[in-house]
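Enquirer: pasting the structure only:
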């Protein structure tokens, strides 16, 4: 795709990072299929020493706006509405689940909304869990009372070595939540397979043609190589901004200019895949570095990925 160069404000724009004025100049970034040069508007900020591909940023902004626009003519499907109503009544919960599954599996996703079906499924699952939890607690209480009566009426039973080992193991569970991942780590996000192919916690092999991309004193770059595979039946929108980085629980800025970022986002159809390299600025002395990725818009669940 070739971008037209249009001077903006006498080739002066405000920096996307610090807000001060930056110089805008046309630069060749590629050649098209005919061998003709392709130019982009490149912004250079002398205040914070940042470099921006303005055409890429505007393209991303327009794409994001288009993806966030919701059609105004969509209405709830009939099955979705019925599933939501039946889920509220306790004795019709099974009917609600069946209607919701049928609606989601066979419904018209382009022209109809299915929010009621998702609500019915989530609500019914919560009702079942709460009911099962209450029944389980009652059963455990009865068993505990019966055991207490039997123990009082009989002689004490000595613990075997195997029982002691089992009790000690139960009292000291192994916590694996803080383990650092290895390259090749994969997780699922509503049918989108996300893989951390590799990561570099002291990334120095970055483009710095003008000497402006060096990290500030006391900071460094980290880089992750991530790939996406759409295993669902629906289109999936992915972007380098899907990930958030935290160093010692503090949010870290992303810097796309130090990696090959000719593309910042994609709308993957079913079966398609893509990959990106993403860079963040973190403190040199950071003790822990973690990534977060929202795996579901419905539940708000997040995948926490520990790099250090």
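Expert: Arrived safely, thanks for sending. Note that the structure is predicted; figures quoted are calculated from it, not measured.

Enquirer: ok, now which ones touch the residue nearest to residue 191 when sequence neighbours are not counted?
Expert: With sequence-adjacent residues excluded and distances taken as CB to CB, 6 or more residues apart in numbering, residue 191 is closest to residue 232, at 2.7 Å. Using the backbone N, CA and C atoms, a C-beta is placed for each residue, glycine as well. Counting by CB atoms under 8 Å, 6 or more residues apart in numbering, residue 232 makes contact with 190, 191, 192, 270.

Enquirer: so of those residues, which ones are in strands?
Expert: Among the contacts of residue 232, the members falling in strands are residue 192 (criterion: DSSP state E).

Enquirer: let me have the contacts of residue 232 in CSV, extended by pLDDT.
Expert: Converted to CSV, those look like this (pLDDT from 0 to 100):
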residue, pLDDT
190, 88
191, 91
192, 92
270, 93
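
Enquirer: which of the contacts of residue 232 are buried? Put it as a PyMOL command.
Expert: In PyMOL, a selection of the buried entries from those looks like this (16 or more other CB atoms under 10 Å):
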select buried, resi 192
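
Enquirer: isn't residue 279 right up against residue 206?
Expert: Yes. The criterion here is CB atoms under 8 Å, and residue 279 meets it with residue 206 at 7.1 Å.

Enquirer: neighbour count for the two, which is higher?
Expert: The neighbour comparison of residue 279 against residue 206 (other CB atoms under 10 Å) goes to residue 279, with 24 against 17.

Enquirer: name the helix or strand for that one, please.
Expert: strand 273-283 (DSSP states H and E).

Enquirer: residues contacting the next helix or strand after that strand, please?
Expert: Remark: after strand 273-283, the chain's next helix or strand is strand 289-294, criterion DSSP H and E. Strand 289-294 is contacted from outside by 187, 189, 194, 201, 222, 224, 242-247, 282, 300-308, using CB under 8 Å, 6+ apart.

Enquirer: and if you look at stretch 264-278?
Expert: Counting by CB under 8 Å, 6+ apart, residues outside stretch 264-278 touching it are 56-57, 60, 63-64, 67, 192, 197, 223-241, 243, 254, 256, 259-261, 263.
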